[in-house]
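Enquirer: Give me the fold of what follows.
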Amino acid sequence: MAGLLNIGLTGLNAAQSQLSTTSHNITNAATPGYHRQSVIQTTQDPSFSGAGFFGNGTRISAVTRSYSQFLDTQVLLTESRQAEYSTYSSQIRQINGMLADATSGLGAAMDAFFAGVQEVAANPTNTASRQALLSGAQTLVSRFQLQDNRLSEIRDGVESELRSTVEQINGYAESIAAMNRSIAVAQSAGPGVPVNDLLDQRGQLVTELNRLVKVSAIAQDDGSLTVFVGSGQSLVTGQSVSKLAAVPTPGDAERSSIALVAANGSQMLLPDTLLTGGSLGGLLAFRRDSLDPAQRELGVIAAGLATAFNAQHQLGVDLDGALGQAFFSVSPRVVPETAATVALDPANIGALTGSDYQLANVGGTYTLTNLSTKASVTVVPGVPQNFEGITVTAAALAAGETALIQPTRYAARDIAVTISDTRQVAAGSPVSGNVPLSNVGNAKLSNIVMTDTSGVLSPPWAATLTFDDGTTSIPPVPPGFSLPPGFTPATLDYNPATESAGKVFTLTGPGGFSLSFTLSGSPANGDTLTLQPSEKGVADNRNVLALGALQTAKLLYNAGSGAPTTSLGGAYSKIVSAVGNKTREVQANEAAQTSLLTQARDARDSLSGVNLDEEAANLVRYQQAYQASARVMTIAQRLFDEVLSIAR
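Expert: This is a model prediction of the structure:
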């Protein structure tokens, strides 16, 4: 009887365990990270008798969870990528809408500005046209500043989110280390007795951490979990934690870099490209691949426009006959300011890259390095050095000292219109050509283009070309003027018989000014042509026509070839196109990863998830098992009572 009672008791206990586990599954069906648990039931060791082995009932050998490391790893991988693309997408949509918008975009403002230039070209002495030009310039400058300010606001938001995300990562790392301690204590009975709920809780912490940054985890023999980030940097090892920190980037305190801080406090900077996946990877990728290029190239456009427009404007004269001054102001940034003076090179603005530069004194040798491409050039202190569209004059630096040079980083923010008087718009050219009415032939001067205005207005001068031979028409070079090297030193080599359609000459005048002009037609013997300073206040639009031509001229991005390949409008379209294409790419990747994540979760849940219908059926099944075991014990009790009644 006792054996039968014990057998029924073991069945009762087993059924109760099954009912408890099933109820546990049902109540945790919606718990994130929970894996379905199962009771492993085996037979008790049998008892031997002369007739053979008789069973002694059942026992619970373990409570396991339905877990597949492969399926869970697939979920972690796809979830990390999906979180990265989701974060990237939410950020890039902000600049995509701003850049492409017809009202806030730069394209419309640039078109309106150059339309004002064309109005001045049509009416060079009209005050209203000149005022419209200045108003258009102010609108264009405001649009540059508006876009740069918005990009800076987005950058500030990214920096804030980076710091917040790093704090969350550190919090999860601490929690995982604490769970490692709890699991190590709870599993002191051995690895065959897993603490399923604690393992699920730790797994959910790893999942949450993985949504912030891609991690890899390896289980150790003692039950602890080692978590790695980047290219294998340990974040959690057993019960010890190495934290991440958002620290100022060397040379650029406004930009955060991610560092791994060891337990002893030492820091190791992690390159952005190593921290992939999750929200942190999405923020770093967005800043590196979309935000930085957009803001840099916007600065290149602002710097290119200001430099080219200023250079041409300063080759003209205003209504008062004075040489044009700088129309826009834009200044490269140097940190510290005393380390060097930097200017943009008007003759080579196509070489501007938008990159930042480092000036360093290493062992007495001064080196200027492009921080993006690592291209470098040696600089002599006090001697101007042209490099990639900028002119750098280094000051004395202490040994080992460095300086950060940002030629275009803040150009869109700092660009401004420097003139306010409509009379200061330099629409005319400082030099005009005069054809006397007494000339017999049809020779003429045209396309007078200034390349340097040094001394062009003083002292008074005039250059008269006299044709003393009606056959060859080779006028002498005017006194005080010179031809470029390689030309006949004393004459303008012009043959009307073969060159009457036009031949271009370049002269350097007294004071250092230089110009080019086209000589055409057939002069008669004794004819003269005169180059002289223009009269002030005349309706001259030659320089403003050259300013208008800058709208379509290829000024930027020479791609190392020496010849610019892109206009100002084309450069802006390039930004809009690049951001738009990247937005579509990221959104497509986000949709693809969302689909893959759904598939990975479905595959995992088919094994590990709780099926409420199945668990409800199990409740009935184990209830019946419980009742059956109770029935066995009831029968054992009755048999025992019968035995006792015999004794009475």
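Enquirer: ranges for the strands of the stretch 51-200 of the chain?
Expert: Counting by DSSP state E, counting those that start in this stretch, the stretch 51-200 of the chain has these strands, from start to end: 52-54, 58-65.
Enquirer: Now do the buried residues in the shortest one.
Expert: Neighbour-count burial for strand 52-54, counted by 16 or more other C-beta atoms under 10 Å, picks out no residue. Using the backbone N, CA and C atoms, a C-beta is placed for each residue, glycine as well.
Enquirer: who does it touch, helix- and strand-wise?
Expert: strand 47-49 (3 or more C-beta pairs under 8 Å, 6 or more residues apart in numbering; DSSP states H and E).
Enquirer: Adjacent strands (with direction) for the strand it packs on?
Expert: The pairing partners recorded for strand 47-49 under DSSP bridges are strand 52-54 (antiparallel).
Enquirer: give me every residue that touches residue 571.
Expert: Contacts for residue 571 (C-beta atoms under 8 Å, 6 or more residues apart in numbering) come out as 297, 300, 301, 304, 556, 557.
Enquirer: What about these, which are in strands?
Expert: The strands, defined by DSSP state E, take in nothing from those.
Enquirer: would you list those residues in TSV and tack on neighbour count, distance to residue 265 and pLDDT?
Expert: Below are the contacts of residue 571 laid out as TSV (neighbours: other C-beta atoms under 10 Å; distance: C-beta to C-beta, whole Å; pLDDT from 0 to 100):
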residue	neighbour count	distance to residue 265	pLDDT
297	23	40	93
300	27	41	94
301	28	44	95
304	27	46	95
556	27	46	92
557	23	45	89
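Enquirer: got the CA positions of stretch 339-350 in PDB?
Expert: This file holds the C-alpha atoms of stretch 339-350, laid out as PDB (Å, rounded to 0.1, in the frame of the first residue of the first chain):
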ATOM      1  CA  ALA A 339      48.300  80.000 -35.000                       C
ATOM      2  CA  ALA A 340      48.000  81.100 -38.600                       C
ATOM      3  CA  THR A 341      46.200  83.400 -41.000                       C
ATOM      4  CA  VAL A 342      44.100  81.700 -43.600                       C
ATOM      5  CA  ALA A 343      42.500  83.100 -46.800                       C
ATOM      6  CA  LEU A 344      40.700  81.400 -49.600                       C
ATOM      7  CA  ASP A 345      42.500  81.400 -52.900                       C
ATOM      8  CA  PRO A 346      40.400  83.100 -55.600                       C
ATOM      9  CA  ALA A 347      42.500  81.600 -58.400                       C
ATOM     10  CA  ASN A 348      41.900  78.000 -57.200                       C
ATOM     11  CA  ILE A 349      38.500  77.800 -55.400                       C
ATOM     12  CA  GLY A 350      37.700  74.700 -57.400                       C
END
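Enquirer: Next, the buried residues of that stretch.
Expert: For stretch 339-350, a neighbour-count test (16+ other C-beta under 10 Å) marks 339, 340, 342, 344, 345, 348, 349, 350 as buried.
Enquirer: Give me the contact list for it.
Expert: 303-304, 306-308, 310-311, 330, 332, 334, 351-352, 359, 386, 389-395, 397, 401, 403, 405, 407, 554-558, 562-565.
Enquirer: Could you turn the buried ones of those into a PyMOL selection?
Expert: Filtering those down to the buried ones (16+ other C-beta under 10 Å) takes a single PyMOL command:
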select buried, resi 303+304+306+307+308+310+311+330+332+334+351+352+359+389+390+391+392+394+395+397+403+405+407+555+556+557+558+564
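Enquirer: Would you pull up how far the top helix by length along the chain lies from the middle of the chain?
Expert: Secondary structure of the chain per DSSP state H: the longest helix is helix 127-186. In terms of C-alpha atoms, centre = their mean, to the nearest Å, the centre of helix 127-186 is found 11 Å from the chain centre.
Enquirer: Domain map for this protein?
Expert: Following automatic domain parsing, one finds the domains of the chain at 2-66+610-647, 72-296+568-599, 314-420, 431-533.
Enquirer: For residue 549, find the nearest of the ones you listed.
Expert: domain 72-296+568-599 (9.3 Å; C-beta to C-beta).
Enquirer: How far off centre is the closest one?
Expert: That offset, for domain 72-296+568-599, works out to 9 Å (C-alpha atoms, centre = their mean).
Enquirer: I'd like the contacts of residue 571 laid out as JSON lines, including distance to residue 420.
Expert: Formatted as JSON lines, those follow (distance: C-beta to C-beta, whole Å):
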{"residue": "297", "distance to residue 420": "29"}
{"residue": "300", "distance to residue 420": "27"}
{"residue": "301", "distance to residue 420": "24"}
{"residue": "304", "distance to residue 420": "23"}
{"residue": "556", "distance to residue 420": "28"}
{"residue": "557", "distance to residue 420": "32"}
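Enquirer: Okay, and which of those map to helices?
Expert: The subset of the contacts of residue 571 that ends up in helices is 297, 300, 301, 304, with DSSP H as the criterion.
Enquirer: Name the nearest residue to the second one, sequence neighbours excluded.
Expert: Once its chain neighbours are removed from consideration, residue 300 has its nearest residue in residue 354; the separation is 4.6 Å (C-beta to C-beta, 6 or more residues apart in numbering).
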